[in-house]
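Below: sequence and its predicted model.
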Amino acid sequence: MRLERRDHRPLYLVVAAPVGAVIAALAIAGILIALAGAPVFEAYWRILTGAFGTRLSATETLTRATPLMLTGLAAAVAFRARLWNIGAEGQFYLGAITVAALGSKLLAGLPAALLIPALLVAGAVAGMVLILVPLWLRLRFSVDEVVTSLLLNFVALLFVSMLIDGVLKDPLAFGWPQSMPVSDHALLPKLVARSRLHVGFIIAIVIAFAVYFLQSRTVFGLRSRAAGLNPAGAVFAGVPLGMTLVKVACLSGGLAGLAGAIEVMGVKGYVTTDLSPGFGYSGIIVAMLANLHPIGVIAAALFTATVFVGADGMSRALGIPTYIADVTVAVSLLTMLIALFFTQYRIRR
């Protein structure tokens, strides 16, 4: 038996790969649920009803999916060009703290029509700045950006912690380490009354379609795909590899920073060190489940959010630890990697 690379990947195989990976992951997680002494199908039904069974749970699931879409897009854009951005978590926090600083002090007096776009752009720019550090180290000294971008997550979080314990600390928080709240004019409008679902959800979907258009219909998209498929071949064909990677990095870091900005402006209103439950890292899983496709990121983010939100209801009803959600999502990543491998290779005897 030997592995043979496919000349082309059939469309049905590309579509079936993520579906099969999710089904396989649910089957594997179902074994763990059964070992915990709970009925498997009822557990999954509880997850579904816990995520979409009521108006409140449905809006919470969509709210949770919003930052996952943006961090998933950040990872998908970078990975497609073979830029391994593992620093979306740090970029998320830097975008968030930038919005908190500007929205509570420097720009707080602006009207909402000017303040909201200015803060969204500022959050995106903050994410861009952070990712350019590992990219510069890669282009100048050939340093692996996986390590540098990952380590910068901790640098960014410590920087945010310093600010919210110092110059940006809210004096009305009774000693709790959190930033001053942004101006009321900086808050994103709600999509559903008496819920946390905000217009950032629509923004994330629009951006996903915009990224799809950018990657599939522009010269930049062609160059970024060429850089990911064969960097040496791209250079030989005249693609300015360094500049292309800079643009990809700015887009990727900007999306992650925008996720942090939207989370502050749409949900919290201020920054704490637990603002993100791992949105930057979960975005990598979302991107892989979507096969790095921008539109697929929407579905992958909804699936991931459904598992995380619905697991709370399942845990209360059946007594299963909520950690099964983390296991399910992690196994989904592994099964997706295996599925992607077999979309590229076939077994020959």
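Ah, there it is. Residues are numbered from 1 along each chain as shown.

got a list of what A21 touches?
Neighbour list for A21: L289, S332, T335, M336, I338, A339 [criterion: C-beta atoms under 8 Å, 6 or more residues apart in numbering]. Where you see a C-beta, it was placed from the backbone N, CA and C, and this is true even at glycine.

Make JSON lines out of the residues you listed and add distance to P39 and pLDDT.
Shown next, in JSON lines, are these (distance: C-beta to C-beta, whole Å; pLDDT from 0 to 100):
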{"residue": "L289", "distance to P39": "26", "pLDDT": "90"}
{"residue": "S332", "distance to P39": "21", "pLDDT": "90"}
{"residue": "T335", "distance to P39": "23", "pLDDT": "91"}
{"residue": "M336", "distance to P39": "26", "pLDDT": "89"}
{"residue": "I338", "distance to P39": "28", "pLDDT": "89"}
{"residue": "A339", "distance to P39": "27", "pLDDT": "88"}
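
From those residues, pick the one nearest N85.
Comparing these against N85 with C-beta to C-beta picks out L289 as the nearest, at 16.9 Å.

Leaving out sequence neighbours, find the closest residue to the closest one.
The shortest distance from L289 to any non-neighbouring residue, by C-beta to C-beta, 6 or more residues apart in numbering, is to A300 (3.9 Å).

name the element the one you found belongs to?
Element membership for A300 (DSSP states H and E) is helix 294-318.

For that helix, list every residue counted as buried.
Within helix 294-318, the residues that count as buried by 16 or more other C-beta atoms under 10 Å are 294, 296-315, 317.

if I've got this straight, V239 is in a strand?
No: counting by DSSP: H, G, I helix; E, B strand; the rest coil, V239 is not part of a strand but coil.

mind checking how far it is from L68?
V239 is 31 Å from L68, where distance means C-beta to C-beta, to the nearest Å.

Who has more neighbours out of the two?
Set V239 next to L68 and count neighbours by other C-beta atoms under 10 Å: L68 wins out with 28 against 20.

angle of the host helix or strand of the more buried one against helix 294-318?
Element membership of L68 [criterion: DSSP H and E] is helix 55-80. Between the axes of helix 55-80 and helix 294-318, defined by axes from the mean of the first three to the mean of the last three C-alpha atoms, to 10 degrees, the angle is 140 degrees.

Distance from the chain centre to helix 55-80, please.
6 Å (C-alpha atoms, centre = their mean, to the nearest Å).

Likewise for stretch 289-308?
Per C-alpha atoms, centre = their mean, the centroid offset for stretch 289-308 relative to its chain is 9 Å.

Next, the buried residues of the host helix or strand of F341.
Using DSSP H and E, F341 maps to helix 323-344. Residues of helix 323-344 classed as buried: 324-325, 327-329, 331-333, 335-336, 339-340, 343 (neighbour count, 16+ other C-beta under 10 Å).

swap in stretch 266-286?
266-272, 275-276, 279-286.

Could you work out the end-to-end span of it for me?
Start-to-end span of stretch 266-286 (C-alpha to C-alpha, to the nearest Å) is 21 Å.

Repeat that for stretch 43-63.
23 Å.

Run through who's touching it.
26, 30, 33, 191-192, 195-198, 201, 266-267, 302, 305-307, 309-314, 317-318, 320.

again with stretch 202-209
Under C-beta under 8 Å, 6+ apart, the answer for stretch 202-209 is 65-67, 69-70, 73, 191, 255, 258, 262, 294-295, 297-298.

Quick check, central residue of this structure?
With distances taken as C-alpha atoms, centre = their mean, the residue of the chain nearest its centroid is T71 (2.1 Å).

any idea how far K247 lies from L83?
10 Å.

If you could redo that for V264, that was the one I meant.
26 Å.

can you map out the helices along the chain?
Ranges of helices in the chain, per DSSP state H, are 11-35, 40-52, 55-80, 88-101, 112-141, 145-164, 200-217, 219-229, 231-236, 241-263, 279-289, 294-318, 323-344.

Would you tell me which one of these is buried the most?
Stretch with highest mean neighbour count among these: helix 88-101 (a mean of 30; mean count of other C-beta atoms under 10 Å).

That one - what's its average pLDDT?
Mean pLDDT, helix 88-101: 97.

Need the per-residue pLDDT for L337.
Here, the pLDDT recorded for L337 equals 88.

Who are the contact partners of the nearest residue to it once chain neighbours are set aside?
Nearest residue to L337 in three dimensions, chain neighbours excluded: M288, at 6.8 Å (C-beta to C-beta, 6+ apart). Residues in contact with M288 (C-beta under 8 Å, 6+ apart) are A75, L333, M336, L337, L340.
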